[in-house]
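Novice: quick one: sequence plus predicted model below, questions after.
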Amino acid sequence: MKQIFNLFDFRQKVDFKIEILSGLTVALALIPEAIAFAMIAGLSPLTGLYAAFMVGLVTSIFGGRPGMISGATGAIAVVIVALAKQQGVEYIFATVILAGIIQAAAGFLRLGKFIRLVPHPVMFGFVNGLAIVIFLSQLDQFKQFDANGIATWLSGARLYVMLGLVALTMLVIWGLPRLTKAVPSSLVAILAVSGIVIGFGIDTKTVGDIASVQGGFPPFHIPQIPFNIETLRIIFPYALIVAGVGLIESLLTLNLIDEITETRGWGNKECVAQGAANIASGFFSGMGGCAMIGQSLINISSGARARLSGIVASVMLLIFIMFGASLVERLPMAALTGVMIMVSIGTFEWASLRTFKRMPKIDVMVMVVVTLITVLLHNLALAVLVGVIISALVFAWENAKRIRARKHIDEQGIKHYEIFGPLFFASVAAFNEKFDVQNDPDEIIVDFSESRVVDMSGIEALNKLTERYHKLGKTLHLRYLSADCRQLLHNANEIIEVNIIEDPTYKVLINKRKQ
């Protein structure tokens, strides 16, 4: 029971001023992003804002990574845009609820540990790609729409004003920490630039120019859809992708914050929290979401380390929606754009560029491929999946080349093959090449004390090798198989036929530590 209900670590030293101010900064930065992502998905701005509030609040309280911020994201918006156009917003709510159930189930089944399979080059590519995406997304703020609704670049005085305000914001964020860290530099930059714009009546784009943020408390709403198999057939593929994208982005963000703060989060707990958050979001008129790396980095760089900052950000966002819309809508987009550009600069792993000549070429290729997929397709899950697959295939190929055999004939005329390296699908061909079936004596012993049979391909290779020797009237024995290898062969005893020499004195230590 303690593990379930011990949500807050009261032993943790919390700087309440930093946590509250960081939360306020994040809340201000959340507004334009939530609106933009809702509009990408073809939904109303309030749908994105409600998702940012609900997902952010639930994950801040129950999540596995204090200080991490969740909300409506572009990765989710890209997935659901087609469904929104074809079926409407009610199906979006149902999809988000089903995705939440899938995510919670993944957490309860402890599938979060599989994020450990993501190699470091993939992490570099993911972070660098996301940094570029964040930067490119800010370029939209330097555009305006003409009477025909066509976007054109700002020019003349409006462009110079925008550039000047963005530069001023970035300068404050960069310079203030060198003077004092008493308050988050991002918040000071937003307030300072907003004060200049409002005080001098400078004509520039504001939050209100994008969309109104005025609204009430998120209404409880059961999706108005037919509850039948046909509906499930429509929403399940989208829900599965939303769940996968959300978990991958959230767990990778969790890993990144772990590295920055030199602490460890709880992946499975985060999976359950993300699921619960999306279920709540679907029932409270939200578009769903996941961890937001940009907002999380704003929060962490401001000094926040506890759950309080995320809770403050969510609550303040709701207060802005319900009571402070008129003030928030006057904030200049230049200030928020400057904050996000600084986030993109801080997110990019500049050190990875210096490793190009030091890292193995295949790792550099994986990093570049993941970055390009992230930037060009805006599909983080696909980018990570492709990176993991390439890395896994390279790993399999490299291990396949390492299988070796040492050969000798004893005084009794029996030929021994001592195998080194794993026998699995990629090493089968090299394994078969080690044996001289035609010229070997009548009895052969294959020693697996330094090897192991990993999969069905390895089992079948042993079966085929036994048959090749049997056709020539020769006998092949397998020796020193570990317990797990013996179990594999025992499970397949109806489809293969091999000879195992029992050796009661030989044991293999198997690590049975629970994950």
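Specialist: Arrived safely. None of these values were measured; they are calculated from a predicted model.

Novice: pLDDT below threshold where in the protein?
Specialist: The model of the chain has pLDDT under 70 over residues 1-12, 491-515.

Novice: can you map out the strands along it?
Specialist: 70-71, 143-145, 151-153, 290-291, 404-409, 415-420, 443-450, 475-479, 499-501 (DSSP state E).

Novice: turn these into JSON lines, columns for distance to A280 and mean neighbour count.
Specialist: The C-beta positions use only the backbone N, C-alpha and C, and glycine is treated the same way. As requested, these are exported to JSON lines (distance: least, C-beta to C-beta, whole Å; neighbours: other C-beta atoms under 10 Å):
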{"stretch": "strand 70-71", "distance to A280": "12", "mean neighbour count": "34"}
{"stretch": "strand 143-145", "distance to A280": "35", "mean neighbour count": "13"}
{"stretch": "strand 151-153", "distance to A280": "35", "mean neighbour count": "9"}
{"stretch": "strand 290-291", "distance to A280": "14", "mean neighbour count": "30"}
{"stretch": "strand 404-409", "distance to A280": "56", "mean neighbour count": "13"}
{"stretch": "strand 415-420", "distance to A280": "54", "mean neighbour count": "18"}
{"stretch": "strand 443-450", "distance to A280": "53", "mean neighbour count": "19"}
{"stretch": "strand 475-479", "distance to A280": "56", "mean neighbour count": "18"}
{"stretch": "strand 499-501", "distance to A280": "56", "mean neighbour count": "15"}
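
Novice: quick one: which of these is nearest G267?
Specialist: strand 290-291 (11.5 Å; C-beta to C-beta).

Novice: so what pairs up with the nearest residue to D440 once chain neighbours are set aside in the strands?
Specialist: With sequence-adjacent residues excluded and distances taken as C-beta to C-beta, 6 or more residues apart in numbering, D440 is closest to K415, at 5.3 Å. K415 forms beta bridges with I409, I444, as assigned by DSSP bridges.

Novice: start the count at 55 instead of 1 going forward.
Specialist: From this message on, residue numbering opens at 55, which makes the last subject K469.

Novice: could you pull up the residues touching K469?
Specialist: Contacts for K469 were tallied using C-beta atoms under 8 Å, 6 or more residues apart in numbering; they are K461, H462, I463, D494, P495, E497, I498, I499.

Novice: how close does the closest residue in space to A106 that isn't next to it in sequence get to A388?
Specialist: In space, A106 comes closest to G125 once its chain neighbours are excluded; the distance is 3.6 Å by C-beta to C-beta, 6+ apart. G125 sits at a distance of 22 Å from A388 (criterion: C-beta to C-beta, to the nearest Å).

Novice: check K469 too.
Specialist: Taken as C-beta to C-beta, the span from K469 to A388 is 79 Å.

Novice: and G378, how many neighbours does it have?
Specialist: Per other C-beta atoms under 10 Å, the neighbour tally for G378 reads 16.

Novice: again with K455
Specialist: By other C-beta under 10 Å, 11 other residues sit near K455.

Novice: tell me if I'm right that it and A484 touch.
Specialist: Yes - with contact defined as C-beta atoms under 8 Å, K455 counts as touching A484 (6.9 Å).
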